[in-house]
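1. Fold the following for me, if possible:
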Amino acid sequence: MQKIGFAEALDSIVATDARFGRDAYIFLRDALDYTTKQQKKLKGAAVRHVAGPELLDGVRQYALKEFGPMVVTVLSYWGIRTTEDFGHMVFNLIGAGIFGKTEDDTIEDFKNVYDFNEVFVKPFAPPPALPAKLPPALPAPKLS
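-> Okay, here's the model as predicted:
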């Protein structure tokens, strides 16, 4: 059996599951590459299997690097609103034979790993305003 290419796999996935945009899958593949490169830099070890939470941390870093304050807008445009959405995409790619998995990998690995507002919005939010320090009150004028 001939191995299916990434582009053909995406055609098949998007045709059967239109929840996520084609570009979202390309981003996810790039985020996986980014994650494995970061792991290799940090640990100096050969690339190994990346578990769900590790991939999501790499997705977070890569998304912030690529899209900055627009990250939530871009992900939302692609249909991605939670970490579990990335899990569904991963399992679609596993089903297509593009990504691999171990017996320990489940969709549960991707549920509620982080809140998009916390990791993608707050880093760009302006700092809270300091309370205004008013000058000391002047004494009330004396009425004669």
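2. Break down this structure into its helices, ranges please.
-> Per DSSP state H, the chain carries helices over the ranges 6-16, 22-43, 52-67, 71-77, 83-95, 116.
3. hmm, who's touching the shortest one?
-> Residues lying outside helix 116 but in contact with it, judged by C-beta atoms under 8 Å, 6 or more residues apart in numbering, are 72, 75, 81-82. In this view, the C-beta of every residue, glycine as well, is placed from N, C-alpha and C.
4. Now stretch 67-76: buried residues?
-> Judged by neighbour count (16 or more other C-beta atoms under 10 Å), stretch 67-76 contains these buried residues: 71-72, 74-75.
5. Hmm, I typed the wrong one, I wanted stretch 111-119.
-> 113, 116, 119.
6. Distance to Gly97 for the residues you listed - can I get that in JSON lines?
-> Formatted as JSON lines, the buried residues of stretch 111-119 follow (distance: C-beta to C-beta, whole Å):
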{"residue": "Val113", "distance to Gly97": "25"}
{"residue": "Phe116", "distance to Gly97": "29"}
{"residue": "Val119", "distance to Gly97": "31"}
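7. Relative to Lys142, which of the residues you listed is nearest.
-> Lys142 lies nearest to Val119 out of the buried residues of stretch 111-119, by C-beta to C-beta, at 58.7 Å.
8. Quick check: closest non-adjacent residue to that closest one.
-> Nearest non-adjacent residue to Val119, counting by C-beta to C-beta, 6 or more residues apart in numbering: Arg60, 5.3 Å away.
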